[in-house]
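Peer 1: structure for this input, please:
(one chain, ligands or ions: 1)
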Amino acid sequence: MSNFKVLVSNPTVPDSALTLLKNNGCNVIQVEKETRENILNNVRGVDAVFWASDVKLDLEVINAAGPQLKAIGLMAAGYNHVDIEELRKRRIRVANTPKVLNDAVADIAVLLTLAAPRRLREARLSIENGEWMPNDSEWMCGQDITNSTVGIIGFGQIGQTIAKRLKGFDLKQLLYTGHKEKKEGIELGAKFVSLNTLIEESDFIIVVAPLTTETKHMCNEEFFSKMKKTAVFINVGRGEVVDQPALINALKKRTIFAAGLDVMTPEPIPSNHELLTLSNAVVIPHLGTATNETRQSMANLAAKNILRCLAGEEMLTPVV
Ligand SMILES: O=CC(=O)O
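Peer 2: Modelled structure (predicted):
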């Protein structure tokens, strides 16, 4: 393969992926700091971009790269930060990294589905504040997952992997919603219902849906007002699917029991943000894919997608 130039948008990409690109004849340019400015300053003239970054991949970046740009290898499953339509128009190929992250993200969803109802943050803080009350039998009691109804919004591969794991918790019922009923739902014993039914009947609502114009702020004041007072809200998808002030309000007024969030708005969230002060919110910093093995698999897949495109072959996991 001739000497293609590939820009890597992040200085912390696993070495294995960089080696893969270099061993296959690519001239790798890696930014020293993951900023928009750095990316724009280095993107001119590249054949491909290895995009491991939440920076918007928009018209400005595409134009700055120039007409020789052929391939975008995203090191992420979600691509709401990428101008897919513009790339499609220009016949620039784009691939993401689905599948390899299903297990890690599903694990984080299960972690939050246990941590939020059992009041993990509040419980830990009580020890630090000297408020452990061993003689109060009602102290720090939470909600059971056993025999509960769990509703999953977004029953793609990650949603289905979560469902598989949750089957081990002896649920009363597993519900899901989305565009259509899926055969995997039948296999997993999950029932396809309307969004409304899912909101009203679930003891746990787990959001895994991608961010689109349709899902933006789908979880709003009306959504939270329909949830059971004892219900727990989990989000491992994208922060903007939630109207966050409406969620904060529901948590403060305790019209829902708790929330477990791996994603929020903005990211990173300021350390003095109101969301972080709520005792019934377990908030973690977008760790869904954060295991060494998963990040390595994502990086390698992104590199292979780029190499295949530059070699004139189909990408392994194309979006466009
Ligand atoms: O959020 C993580 C991803 O989209 O890969």
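Peer 1: and this structure, which of its residues are near the ligand?
Peer 2: Residues of the chain lying close to the ligand by CB under 6 Å from any ligand atom are 76, 77, 78, 101, 288, 289. Backbone N, C-alpha and C define where each C-beta goes, glycine included.
Peer 1: show me where this protein has its strands.
Peer 2: 5-8, 27-30, 48-51, 71-74, 93-95, 149-153, 173-177, 190-192, 204-207, 232-235, 258-261, 281-283 (DSSP state E).
Peer 1: possible to save those as CSV with distance to residue 213 and mean pLDDT?
Peer 2: Supplementary listing: those in CSV, determined by distance: least, CB to CB, whole Å; pLDDT from 0 to 100:
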stretch, distance to residue 213, mean pLDDT
strand 5-8, 29, 98
strand 27-30, 33, 98
strand 48-51, 21, 98
strand 71-74, 19, 98
strand 93-95, 19, 98
strand 149-153, 16, 98
strand 173-177, 18, 98
strand 190-192, 23, 98
strand 204-207, 16, 99
strand 232-235, 18, 99
strand 258-261, 22, 99
strand 281-283, 26, 98
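Peer 1: of those strands, which is nearest residue 119?
Peer 2: Proximity to residue 119 (CB to CB) singles out strand 258-261 among the strands of the chain, at 6.9 Å.
Peer 1: so which elements touch the lengthiest helix in the chain?
Peer 2: The longest helix of the chain (DSSP state H) is helix 292-310. Applying 3 or more CB pairs under 8 Å, 6 or more residues apart in numbering; DSSP states H and E, one finds that helix 292-310 makes contact with helix 15-23, strand 48-51, strand 71-74, strand 93-95.
Peer 1: re the thing from before, any chance of the residues of the chain next to the ligand in CSV, with pLDDT and neighbour count too?
Peer 2: Converted to CSV, the residues of the chain next to the ligand look like this (pLDDT from 0 to 100; neighbours: other CB atoms under 10 Å):
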residue, pLDDT, neighbour count
76, 98, 19
77, 97, 22
78, 97, 17
101, 98, 25
288, 98, 23
289, 98, 21
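Peer 1: any weak-confidence spans in this protein?
Peer 2: 1-2 (pLDDT under 70).
Peer 1: find the residue at the geometric middle of it.
Peer 2: residue 237 (4.0 Å; CA atoms, centre = their mean).
Peer 1: surely that one touches residue 211?
Peer 2: Yes. Taking contacts as CB atoms under 8 Å, residue 237 lies within contact range of residue 211: 7.0 Å.
Peer 1: list residues touching both of those two?
Peer 2: residue 78 (CB atoms under 8 Å, 6 or more residues apart in numbering).
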